[in-house]
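A.B. asks: any chance you could fold what I've pasted below:
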Amino acid sequence: MKAIIFAAGISSRLGELTKDLPKSCLEIEPGLAMIERMLLLLAKHEFSEVRIITGHAKDAFLPFIEKHKSKFKILETLYNDLFKERNNIYTAYLTKNILDESTLIINSDLVIAEKIIELAKNEIHNNAKSFMLIDDHNKIDEESMKVYVTDSGKITRVNKALELEKSLGEYIGILRVSKDDLNKFFSSIDTILENKGFNLYYEDAIDRIASEIEVKALSTQGAMWTEIDTKEDYQKAQELAAKLKKEINTKIEA
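C.D. replies: Numbering: from 1, shown residues only. Down below sits the predicted model:
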């Protein structure tokens, strides 16, 4: 199995914290960066290839690559040189030659329970369809990446602008695109970029073709997770990481 971690953004809402660092390089536990925590989880669950798409402060990832590369067949960074001008729709575009049905797209600003990786791993092994991890247990708000889902579990819309009352829950930022859906996914991305939709997200590419593809809403089953956008989020993420610490070996090698 493989993973591609999207980590190109500037994260301006974190102010001075991310002036010289990507937010996934911030410490989430004493002596442990958020990106390291994700790498440890992926290694534990036998992901053999991990690529991190960088942009802002790209060299900050190099020490983590060097430190953890022995855990993977491939651990490397790819550079998005347009990270200042374009949103993660362009980061997704850069995966065109490496994304396949055995790969998870993972947003870099996540702190997740191990169970979430287990759910995704099992789904890759047991189901050929595309899926998005959806938190259908916790309260959502206007900022949530909301989803509409049919009774059979098929996602029909994914967008922050959707109505709260009609939404099943929140997309947490982990996606698998099936072999059958890859061409349509990238065609949708191409169309958005050709129309200069540089401020859009890869979720918009999914949203526009949701009626043409089969994307399953894979429940987090109440497993804990959070994402970081603000300083308040960062504090909450540190608290969550402390609760989840026993799940993975976070020993830092000398």
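A.B. asks: so what pLDDT did the nearest residue to A205 once chain neighbours are set aside get?
C.D. replies: Spatially, and ignoring its direct neighbours in sequence, A205 is nearest to S188 (4.1 Å; C-beta to C-beta, 6 or more residues apart in numbering). Glycine gets a C-beta too; all of them are placed from N, C-alpha and C. Per-residue pLDDT puts S188 at 98.
A.B. asks: which SS class is S188?
C.D. replies: Here S188 is recorded as helix under DSSP: H, G, I helix; E, B strand; the rest coil.
A.B. asks: and it, how many neighbours?
C.D. replies: Close neighbours of S188, defined as other C-beta atoms under 10 Å, add up to 23.
A.B. asks: D100 touches M1, doesn't it?
C.D. replies: No. The criterion here is C-beta atoms under 8 Å, and D100 misses it with M1 at 10.4 Å.
A.B. asks: can you pull the contacts of the residue nearest to A205?
C.D. replies: By C-beta atoms under 8 Å, 6 or more residues apart in numbering, S188 lies in contact with 205-206, 208-209.
A.B. asks: just give me the closest of these to G222.
C.D. replies: I206 (23.8 Å; C-beta to C-beta).
A.B. asks: ok, that closest one touching V158?
C.D. replies: Yes. If you go by C-beta under 8 Å, I206 and V158 touch, sitting 5.5 Å apart.
A.B. asks: need the overlap of contacts for those two.
C.D. replies: With C-beta under 8 Å, 6+ apart as the test, I206 and V158 both reach M132.
A.B. asks: parallel or antiparallel, which strands does the longest strand seen in the chain pair with?
C.D. replies: The longest strand of the chain (DSSP state E) is strand 169-176. Its sheet considered, strand 169-176 pairs with strand 103-107 (antiparallel), strand 130-135 (antiparallel), strand 146-149 (antiparallel) by DSSP bridges.
A.B. asks: any chance of those strands in JSON lines, plus mean neighbour count?
C.D. replies: Shown next, in JSON lines, are those (neighbours: other C-beta atoms under 10 Å):
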{"stretch": "strand 103-107", "mean neighbour count": "23"}
{"stretch": "strand 130-135", "mean neighbour count": "24"}
{"stretch": "strand 146-149", "mean neighbour count": "22"}
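A.B. asks: nearest to I53, of those strands?
C.D. replies: Short answer: strand 103-107, nearest of the strands paired with strand 169-176 by C-beta to C-beta, at 9.7 Å.
A.B. asks: hey, C-alpha coordinates of the closest one in CSV?
C.D. replies: Extracted in CSV, the C-alpha atoms of strand 103-107 (Å, rounded to 0.1, in the frame of the first residue of the first chain):
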residue,chain,number,x,y,z
THR,A,103,-2.9,4.7,-2.6
LEU,A,104,-4.4,6.8,0.1
ILE,A,105,-4.5,10.6,-0.3
ILE,A,106,-4.0,12.1,3.2
ASN,A,107,-4.2,15.7,4.2
